[in-house]
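Visitor: take this sequence and fold it.
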Amino acid sequence: MNEHSSHHGNHGSRGRLRERFREATAEAILEAAERVFAEEGLGAARMERIAAEAGVAVGTLYNHFRDKHALLDALVRTRRQGLVDRMDAALLGASALPVEEQLRRFLTALFEHLAVHGRLLTALVQGGEGPARPGPGSGVLQALQERVAGLVARGAAAGVLRRGEDEVLAAAFLGMARGVFLAELGRDAGSRTAPAERAARLVDLFLRGAGP
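Guide: Next up is the predicted model:
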């Protein structure tokens with residue numbers, strides 16, 4: 001390798017290292033922001049407190065996020081994507097399992113997300129930005145609808161769900177899930193039902209009403 005190639009490789013390595021450091025810093029800021037928003041609420045939370053919680057200078061925080069609104073938007077976006085990723089991980093390789101189990105896995109992932117991020121979600125609801133707010137939710141609702149539609153179609157094909165009513169059943173299932181999610185969100189964390197148990201109860205209730 002000649003000297004020019006060596007220098008080029010060093011620049012590339014340093015660039016990748018800087019990018020990884022920048023990503024790690026942004027993630028640390030988001031984690032800190034979640035804690036501060038959860039503790040203080042959306043309106044009262046201050047960027048200086050978030051920077052201190054993240055262990056970075058205030059200027060560093062503003063280098064990543066231009067203001068509190070941009071930081072909150074990024075946090076909500078990443079947590080919504082995290083929910084979709086969690087559900088996809090739960091359903092990965094599950095297509096050969098009974099549809100009842102696939103539905104339970106879907107809901108368990110939903111309620112696990114609540115268990116992990118419940119305090120932030122509560123702050124968002126109180127600030128008018130939470131899952132109860134009407135709207136597409138930056139694509140997350142569509143993503144959930146697509147996955148539920150697939151599960152319902154498999155259930156109908158397997159004879160577990162009524163045929164010819166896929167759209168209605170998918171909407172009913174997602175509506176039930178959303179309603180229970182919001183009800184659980186309104187309870188103290190210590191009094192919430194365990195995710196797997198809540199999922200099993202809800203799937204049982206759904207199948208009793210939607211079965212053939």
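
Visitor: can you list the domains in this structure?
Guide: 1-65, 76-212 (automatic domain parsing).

Visitor: tell me the most buried of these?
Guide: domain 76-212 (a mean of 16; mean count of other CB atoms under 10 Å). Every residue, glycine included, has its C-beta placed from N, CA and C.

Visitor: if you average pLDDT over that domain, what comes out?
Guide: On average, the pLDDT along domain 76-212 is 89.

Visitor: for Arg46, phi and psi?
Guide: For Arg46, the backbone dihedrals (degrees, to the nearest 10) come out as phi -110, psi 150.

Visitor: same question for the one 10 residues further on.
Guide: Here is the backbone geometry of Val56 (degrees, to the nearest 10): phi -130, psi 160.

Visitor: tell me who's in contact with it.
Guide: Contact partners of Val56, counting by CB atoms under 8 Å, 6 or more residues apart in numbering, are 25, 28-29.

Visitor: Ala149 now?
Guide: Ala149 touches 166-167, 170, counting by CB under 8 Å, 6+ apart.

Visitor: with adjacent residues omitted, what lies nearest to Phe65?
Guide: In space, and not counting its chain neighbours, Phe65 is closest to Leu71: 4.0 Å by CB to CB, 6 or more residues apart in numbering.

Visitor: got a list of what that neighbour touches?
Guide: Counted by CB under 8 Å, 6+ apart, Leu71 has contacts 29-30, 33, 47, 50, 61, 65.

Visitor: hmm, 10 Å instead?
Guide: Going by CB atoms under 10 Å, 6 or more residues apart in numbering, Leu71 touches 26, 29-30, 32-33, 36-37, 45, 47, 50, 61-62, 64-65.

Visitor: can you tell me which of the residues you listed end up in strands?
Guide: Judged by DSSP state E, strands contain none of the contacts of Leu71.

Visitor: do you know how far Leu42 is from Glu34?
Guide: Distance, Leu42 to Glu34, using CB to CB, to the nearest Å: 12 Å.

Visitor: now the common contact residues for those two.
Guide: 120, 123.

Visitor: who does whichever helix in the chain runs longest touch, helix- and strand-wise?
Guide: Counting by DSSP state H, the longest helix found in the chain is helix 3-40. Here helix 3-40 touches helix 47-54, helix 58-64, helix 68-91, helix 99-126, going by 3 or more CB pairs under 10 Å, 6 or more residues apart in numbering; DSSP states H and E.
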